[in-house]
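> mind folding the following:
(2 chains)
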Amino acid sequence: MRQRFVVRRGYSRLTSKIRVRMAPSPTGYLHLGTARTALYNFLYARRHQGDFALRLEDTDEVRSDEAYTADILDGLKWLGINWDEGPDIGGPYPPYRQTEKTDHYEQVARKLITSGKAYFCYASAEELDALREGQKAANQAPRYDNRGRHYTQAQIEQFEKEGRAPVIRFKVEDDRVITWHDAIKGEISINSSDIGGDMVIVKSSGIAIYNFAVVIDDIDMKMTHVIRGEDHIHNTAKQILIYEALGVQHPVFAHVPLIFDMDRQKLSKRKHGEAVHISKYRRDGYMPEAIMNYLAQMSWTPADGREIFTIEEACAMFDLERVSKSPAVFDIKRLEWFNSHYIRSLPLSTITDRCMPHLATFDLKAYTRPQIEEIVASVRDGLPALHEISKQVSFFFADKVDLTSEMTEVLKKDSSKAVLSQVQTKLTSFPWGDSKGCKATVDAIGKELSVKGKDLYWPIRIALCGATSGPDLGSVLSILGEQRVKARIEAILQPC
RNA sequence: GCCCCCAUCGUCUAGAGGCCUAGGACACACCCCUUUCACGGGUGCGACGCGGGUUCGAAUCCCGCUGGGGGUACCA
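Predicted coordinates for the structure are as follows:
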């Protein structure tokens, strides 16, 4: 038997339990990209029998909102993504919201100050803006000039007297190459001179900055892998420096490619509005199974190449090595294909339940639950999303149908009148509730009158549906039932 | 500007030097099935960005170019 031995970096970590996390910031509704990153973390944890934690990065005092937190947690659960630890259920390394750890971050920051790795900086916002503008005008990369390292005691006293609240900055030494082996991208190197000078780790408000808090949390929570979007690559370089200063080995990093729009730009709220939010698809009648499946396969292909899979199957197959390095374009047509696949293959009762919100404008009491299920069954095959169902089934609930001139033309024909009258007189011989039988009865009438094809079916369909196309005619008759069929045909024949 | 990442059909991708006259899926077109619309089946359209290497042989490895994207805050 042949065997392949692969030496992997970070192997020693694999001997301990895998721990990953998703750390959304509640500054907006659940985003497609956030959902996919969460999904990949979740799948990775399940694949390796590891732990998946959810943590809230709510240190942005201005933009954070509880409504967003609720939307994010709810949306992830809806997609089938469950966490083992989180702000709602707790866990072994609490708290799971950064705002509840502000003292802790500050304590760590002070330790860095004591060891000379960080310092107070009193530069004002105006001062820094001016610095940046000058650099920009000179066509230089904007960066902090580390001026705060050289304050004299007198200057500091002066700043304090003016009431200036300092930030804490972490010292970033120039010309160091920061390198790591990314589990998706491979080797990545960034020069420390290119990350903008000494970085703020605690704002003047006393709240830790993301790049600092995230490192402390990942250390506190014993994360072994950090799987996140590739827009974080430069942050990773900064964070590695902090891990070093704290004397902790950094986790394995994996940067997932972004999701683009058709113009190959990052999907963003600003440009795409509601279309980036999971909640929009949820409202429009997209199946969580479809969104999960679509999101999972857009940058990852299972080893066996299958494209349709459940979240459980993905849990058994997911693999960072098979995640693509290049961005994927969000293609609504492909999502619709996945969605229609699940709409027609999930149990009818499930689909019917999920259709209910989209049928709320109709008088549902007109039908029994089994009949509603038949209505759903009659149109589900062609539905790209559930919200389209209402216009396709409205005729089932309408008192009378609207006719176009083309349809009235059809009804004027003698054969049409003959067909409709015959249906009317034979009403009692229809096996209501049996779609195949109803269809057979229509065919028998056709034979009797020597009418077939469109001449036979169109008048009936028009009278019942007010359309020349729609669900199977046998189903329509069967579901509508004797009373409604009678009334509708009467209404059509009346004026003649 | 500077830094980093990326590069196969319109889109998602398969592809680990010969299995590639590059495979699958979505979309599109046509055909079949079908009273209609779908579903299903079939056919077609359609890609290795460019230039240099390395090699007997390159979509695959190396370099350069070009293109695209991301980052560059007291946001996350």
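
> quick one: contacts for the closest residue in space to residue A:80 that isn't next to it in sequence?
Leaving aside its chain neighbours, residue A:80 sits nearest to residue A:311 (4.6 Å; criterion: Cβ to Cβ, 6 or more residues apart in numbering). C-beta coordinates here come from the backbone N, C-alpha and C atoms, glycine included. Neighbour list for residue A:311: A:43, A:80-81, A:289, A:292, A:296 [criterion: Cβ atoms under 8 Å, 6 or more residues apart in numbering].

> so of these, which ones are in helices?
A:43, A:289, A:292, A:296 (DSSP state H).

> which two of the contacts of residue A:311 have the greatest separation?
Greatest spacing in these, by Cβ to Cβ: A:43 and A:289 (14.5 Å).

> ok, those two, which is more surrounded?
Set residue A:43 next to residue A:289 and count neighbours by other Cβ atoms under 10 Å: residue A:43 wins out with 25 against 22.

> quick one: the more buried one from RNA strand B, how far?
Residue A:43 sits 15 Å away from RNA strand B, going by Cβ to the nearest atom of the strand, to the nearest Å.

> likewise residue A:170?
In terms of Cβ to the nearest atom of the strand, residue A:170 sits 11 Å off from RNA strand B.

> check residue A:459 too.
10 Å.

> what about that residue, neighbour count?
Quick note: residue A:459 (other Cβ under 10 Å) scores 24 neighbours.

> is it within a helix or a strand, and which one?
helix A:454-465 (DSSP states H and E).

> buried ones in that helix?
A:455-465 (16 or more other Cβ atoms under 10 Å).

> what's the closest of these to RNA strand B?
residue A:457 (3.2 Å; Cβ to the nearest atom of the strand).

> separation between the closest one and residue A:170?
As judged by Cβ to Cβ, to the nearest Å, residue A:457 and residue A:170 stand 76 Å apart.

> one more: residue A:322?
36 Å.

> kindly report the same for residue A:266.
From residue A:266 to residue A:170 the distance is 28 Å (Cβ to Cβ).

> between these two, point out the one with more neighbours.
Neighbour tally, residue A:266 and residue A:170, criterion other Cβ under 10 Å: the higher count belongs to residue A:170, 22 against 15.

> show me the contacts for the more buried one.
Applying Cβ under 8 Å, 6+ apart, the residues contacting residue A:170 are A:112, A:117-118, A:198-201, A:212, A:241-242, A:245.

> then residue A:275?
residue A:267 are the contacts of residue A:275 under Cβ under 8 Å, 6+ apart.

> measure stretch A:162-174 end to end?
The first and final residues of stretch A:162-174 sit 32 Å from each other (Cα to Cα, to the nearest Å).

> and stretch A:297-315, by the same measure?
Stretch A:297-315 end-to-end distance (Cα to Cα) = 13 Å.

> again with stretch A:465-480
10 Å.

> so which bits of that stretch are buried?
For stretch A:465-480, by 16+ other Cβ under 10 Å, it's A:465-467, A:470-480.

> that one near RNA strand B anywhere?
Yes. Using Cβ under 7 Å from any atom of the strand, stretch A:465-480 reaches RNA strand B at A:468-474.

> turn these into a markdown table, columns for pLDDT and distance to residue A:99.
A markdown table is the format used below for those (pLDDT from 0 to 100; distance: Cβ to Cβ, whole Å):
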| residue | pLDDT | distance to residue A:99 |
| --- | --- | --- |
| A:468 | 90 | 60 |
| A:469 | 92 | 57 |
| A:470 | 93 | 55 |
| A:471 | 96 | 54 |
| A:472 | 95 | 57 |
| A:473 | 96 | 61 |
| A:474 | 96 | 61 |
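
> and the residue of the stretch 251-400 of chain A closest to RNA strand B?
For the stretch 251-400 of chain A, Cβ to the nearest atom of the strand, closest residue to RNA strand B: residue A:382, 2.4 Å.

> distance of that residue from residue A:285?
13 Å.

> more neighbours, the two?
Comparing residue A:382 with residue A:285 by other Cβ under 10 Å, the one with more neighbours is residue A:285, at 21 against 11.

> I'd assumed that one was in a helix, is it?
No. Remark: residue A:285 does not belong to a helix; assigned using DSSP: H, G, I helix; E, B strand; the rest coil, it is coil.

> still on that earlier bit, mind listing what the residue of the stretch 251-400 of chain A closest to RNA strand B touches?
Residue A:382 touches A:340, A:392, counting by Cβ under 8 Å, 6+ apart.

> doesn't residue A:64 lie inside a helix?
No. With three-state DSSP as the criterion, residue A:64 is coil rather than part of a helix.

> could I get the buried residues of stretch A:465-480 as JSON lines with secondary structure?
Shown next, in JSON lines, are these (three-state DSSP):
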{"residue": "A:465", "secondary structure": "helix"}
{"residue": "A:466", "secondary structure": "coil"}
{"residue": "A:467", "secondary structure": "coil"}
{"residue": "A:470", "secondary structure": "coil"}
{"residue": "A:471", "secondary structure": "coil"}
{"residue": "A:472", "secondary structure": "coil"}
{"residue": "A:473", "secondary structure": "helix"}
{"residue": "A:474", "secondary structure": "helix"}
{"residue": "A:475", "secondary structure": "helix"}
{"residue": "A:476", "secondary structure": "helix"}
{"residue": "A:477", "secondary structure": "helix"}
{"residue": "A:478", "secondary structure": "helix"}
{"residue": "A:479", "secondary structure": "helix"}
{"residue": "A:480", "secondary structure": "helix"}
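
> which one of those sits closest to residue A:59?
Taking the buried residues of stretch A:465-480 together and measuring to residue A:59 by Cβ to Cβ, the closest member is residue A:471, at 53.7 Å.

> isn't the closest one right next to residue A:376, touching?
No. The criterion here is Cβ atoms under 8 Å, and residue A:471 misses it with residue A:376 at 10.4 Å.

> chain A: strands as residue ranges?
Along chain A, the segments classed as strands by DSSP state E run A:19-22, A:51-54, A:118-121, A:167-170, A:177-182, A:186-191, A:199-202, A:225-229, A:252-256, A:259-260, A:328-329.

> so for the fourth one, mean pLDDT?
I take that to be strand A:167-170. For strand A:167-170, mean pLDDT is 98.

> how far does that strand sit from its chain's centre?
35 Å (Cα atoms, centre = their mean, to the nearest Å).
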